[in-house]
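> Got a sequence here, can you model it:
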Amino acid sequence: MMRYTLEVEKYGIYCDGTEAAATTQGINRAIFEAAEAGYSEVYIPKGKYLIDAVNRLSVKPEEGAGIRVPSCITLILHPKAEFIVESNSSYGYSCIYIGEVKDVTIKGGKIRGERYQHDFTGHGDLEKRKTHEWGYGINVHGSKNVVIEGVDIADFTGDCIMVNAQGMLNVSWTTYRPARNITIKNCKLDGARRNNISVTGGEDVKIHDNEITNAGINDGCMPMLGIDIEGYGEGDIDYEEPRNVKITNNTFVGNVAQSVCNFSGYEVVISENHSDNTISYGYGTDTNIENNIFVRKDKKYTAIAGLGVSAGFIGNNATISGNTIKGFSSGIDVRGGDVTVSDNTISELSVDGIALATFEAKNVKFSDNTVNHCPGKLCCARNSRDITFEGNELNDSDITAMEIIDSTNVKAKSNDIKRSKQGVVITRSSAKVFDNDVDLTEYPNAAGYSVAFDKGSDVFIKNTHIPSPTNMAIYGESAEGRTVRIKDNDITDAKCLIPIYVIGGKKPEISGNDITFNRTSSGGYGIQTKNTDGALVKENVVYSVSSFALYNPIKTSESINSRVIGNKISGNLSLNQTDIETNNIPI
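Model prediction:
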């Protein structure tokens, strides 16, 4: 490769941080002539170069501004070479502009904005411009094959790096030319007033091994993100699209709102990053958030979040897997639809937070996640449908391990719940709870119910193992029109007075349950109903393994029309005169 070293005197360039107009014009002329002469590299020696970054001839002063890099050029800055934007009052500017060219690399050096010297009083003709959020360090605008490597960029009124398209999609009067094959690596990006990196109209964008810090600090401008992946659109019409963005092995610290938000991008991978704030799939489609490490010390914020489904789409198709989360307020908050959450490890959240949650979501599966030392709710499905919690290890809640509220078709399957105050609480929902282990014996204070439901719920509770409950193992209230099935559960060594208790409703089924008592005093009812009509109490096994007897293994005397059939029991039944009793076997 042929390298040209910038001749500052020849081109009237100042290296002392003065004379912005002459310096900018000189550097641009030197780069252009080097490219014309066949040089592929331009080296910028150490010095402070004051840059006039405003294009005063354009309605968008950030376009075609500052240092303009032509095709097939690598711009190499000495470690002590610094481009400094001259203070101005423009709502937009670019220190380095890479516009609709190809094969460009920027390496090394420092690029500094004038955020703290900027005059925000002038805003042009449009009211929206008063935010002055279009001041960029490097503006990649519809170009192809661009590498930004090892550059230290900070303090811009907008973004450290902007990746955007020329033209717009879905309009007849322009051609859409996105930035393509863009790489940002080994950079330090700090303190931009808006975002440290924005990708609005880019395809095949790779962002890796960067330090991305402090976006939006000191009275920043929304959205104040480390990385914002956000194309412009209205309703279900996209006018620009971020596509195939890979964000890997970056460190995010101190960014005000979030570390990364895929607000509306397609095919986005966010993996192996270190983050102290939220990473979100937003309204994005086809997003993977995997193998990231999230650590905080103040129990604030949600580690992983979503916003919803983008207009015109049926789901997010998001995958959240293999992440480690510690010290946040909440762990993973799923919204939208078609999301899988698996193999994440979550610990030490706040008492007000939730480890695994949905809100207004559909088609979500949480599987094989581990939650420890989280005093708040461990799982919560709220205002959602078609939600599955399967194979999760849920420990140490002072509230409840799983809450299902105002939701339909929720499945809790094969979860292992330990050391929590309550197991599963179902409110105004339809839920199936089966093959779970709910062990509350090690909770340090009096434990609550292992499984509980209210009169607004339809429940099927099956094959749940509940050892040594000190409070009711399964408790619920029902009403006419609701379905209650409690079947084949294994409740062992009960210390409580009533392991299964159902109040109200018509035709609940309580069948095939195996209940043993191991109390230190006499008393208790294995299965009790109250104010039910037509309950089926069938083929249950109820007895005491200690020397202390029960009051009654089954009590339906406060209900009517119960059918008590084929149970194996120790002690006498307590029945109502309207009941049908047959084939019960004393043991």
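
> any chance you could map the helices in the stretch 51-200 of the chain?
Ranges of helices within the stretch 51-200 of the chain: none, based on DSSP state H, counting those that start in this stretch.

> Low-confidence regions, it specifically.
122-129 (pLDDT under 70).

> quick one, strands of it?
Ranges of strands in the stretch 51-200 of the chain, per DSSP state E, counting those that start in this stretch, are 67-68, 73-77, 81-85, 92-99, 102-107, 110-112, 134-141, 144-149, 152-154, 159-164, 179-185, 188-190, 197-199.

> Can you add mean neighbour count and give the ones you listed back as CSV?
All C-beta spots, glycine's among them, are computed from the backbone N, C-alpha and C. What follows is the strands of the stretch 51-200 of the chain, written out as CSV (neighbours: other Cβ atoms under 10 Å):
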stretch, mean neighbour count
strand 67-68, 21
strand 73-77, 22
strand 81-85, 24
strand 92-99, 27
strand 102-107, 19
strand 110-112, 23
strand 134-141, 30
strand 144-149, 21
strand 152-154, 23
strand 159-164, 30
strand 179-185, 22
strand 188-190, 23
strand 197-199, 29
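
> Those: which one's closest to residue 15?
strand 81-85 (8.9 Å; Cβ to Cβ).

> Just give me how far that closest one sits from the chain centre.
Centroid displacement of strand 81-85 relative to its chain, using Cα atoms, centre = their mean, to the nearest Å, is 37 Å.

> For it, name the packing helices and strands.
When contacts are defined as 3 or more Cβ pairs under 8 Å, 6 or more residues apart in numbering; DSSP states H and E, strand 81-85 packs onto strand 47-51, strand 92-99, strand 110-112.

> out of these, which comes closest to residue 575?
Of all those, strand 92-99 sits nearest to residue 575, with 82.3 Å by Cβ to Cβ.

> lowest confidence element among the helices and strands of the protein?
Across the helices and strands of the chain, mean pLDDT, DSSP states H and E gives its lowest value to strand 233-234, namely a mean of 86.

> For it, report the contacting residues that lie outside it.
239, 240, 264, 311 (Cβ atoms under 8 Å, 6 or more residues apart in numbering).

> And the furthest pair within those residues?
Spatial extent of the contacts of strand 233-234 (Cβ to Cβ) is set by the pair 240 and 311 at 15.1 Å.

> coming back round to it: may I see the strands of the stretch 51-200 of the chain organised as TSV, with distance to residue 453 added?
Listed next are the strands of the stretch 51-200 of the chain as TSV, based on distance: least, Cβ to Cβ, whole Å:
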stretch	distance to residue 453
strand 67-68	66
strand 73-77	65
strand 81-85	62
strand 92-99	58
strand 102-107	61
strand 110-112	60
strand 134-141	54
strand 144-149	56
strand 152-154	55
strand 159-164	50
strand 179-185	51
strand 188-190	51
strand 197-199	46
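
> State whether residue 187 and residue 149 are indeed in contact, as I suppose.
Yes. If you go by Cβ atoms under 8 Å, residue 187 and residue 149 touch, sitting 7.1 Å apart.

> The least confident helix or strand of the chain: partners in the sheet, and parallel or antiparallel?
If you go by DSSP bridges, strand 233-234 pairs up with strand 237-238 (antiparallel).

> which element follows the strand it pairs with toward the C-terminus?
Remark: after strand 237-238, the chain's next helix or strand is strand 243-248, criterion DSSP states H and E.

> and the next element down the chain from that following strand?
strand 251-253.

> What's the mean pLDDT across that following strand?
Across strand 251-253, pLDDT averages out at 98.

> Same list, the helices and strands packed on strand 81-85, but as TSV with distance to residue 276 please.
Below are these laid out as TSV (distance: least, Cβ to Cβ, whole Å):
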stretch	distance to residue 276
strand 47-51	32
strand 92-99	28
strand 110-112	24
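
> To residue 183, which of the ones you listed lies closest?
Of all the helices and strands packed on strand 81-85, strand 92-99 comes closest under Cβ to Cβ, at 12.4 Å.

> picking up where we left off before, nearest to residue 161, out of the contacts of strand 233-234: which one, please.
Distances from residue 161 to the contacts of strand 233-234, taken by Cβ to Cβ, are shortest for residue 240, at 16.3 Å.

> Quick check: chain neighbours aside, which residue is closest to the closest one?
residue 201 (3.6 Å; Cβ to Cβ, 6 or more residues apart in numbering).

> Touching, the one you found and residue 242? I think so.
Yes. Under the criterion of Cβ under 8 Å, residue 201 makes contact with residue 242 at 6.9 Å.

> what is in contact with the two at once?
Contact criterion Cβ under 8 Å, 6+ apart; residues bridging residue 201 and residue 242 by contacting each: 163, 231.

> Give me the contact list for stretch 112-120.
Here stretch 112-120 makes contact (Cβ under 8 Å, 6+ apart) with 82-89, 95, 130, 132, 135, 137, 153-157, 160, 191-193.

> let's see it at 6 Å
Residues from elsewhere that reach stretch 112-120, judged by Cβ atoms under 6 Å, 6 or more residues apart in numbering: 84, 85, 87, 89, 132, 154, 155, 156, 157, 193.

> With only the CA atoms kept, save that stretch in PDB.
Output of stretch 112-120 as PDB, limited to C-alpha atoms (Å, rounded to 0.1, in the frame of the first residue of the first chain):
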ATOM      1  CA  ARG A 112     -13.800  15.500  20.000                       C
ATOM      2  CA  GLY A 113     -17.100  17.200  19.700                       C
ATOM      3  CA  GLU A 114     -18.000  20.700  21.100                       C
ATOM      4  CA  ARG A 115     -21.000  19.600  23.200                       C
ATOM      5  CA  TYR A 116     -20.000  21.700  26.200                       C
ATOM      6  CA  GLN A 117     -19.100  24.700  24.100                       C
ATOM      7  CA  HIS A 118     -22.100  24.500  21.800                       C
ATOM      8  CA  ASP A 119     -24.600  27.400  21.300                       C
ATOM      9  CA  PHE A 120     -28.100  25.800  21.600                       C
END
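
> That stretch: which residues count as buried?
Under the neighbour-count criterion of 16 or more other Cβ atoms under 10 Å, stretch 112-120 has 112, 113, 114, 115, 118 buried.

> do stretch 290-308 as well
290-294, 296, 299, 301-308.

> Show residues contacting that stretch.
When contacts are defined by Cβ under 6 Å, 6+ apart, stretch 290-308 is touched by residues 271-283, 289, 320-336, 350.

> and that stretch, average pLDDT?
97.

> so how far does that stretch reach from one end to the other?
Stretch 290-308 has an end-to-end distance of 19 Å (criterion: Cα to Cα, to the nearest Å).

> likewise stretch 452-461?
10 Å.
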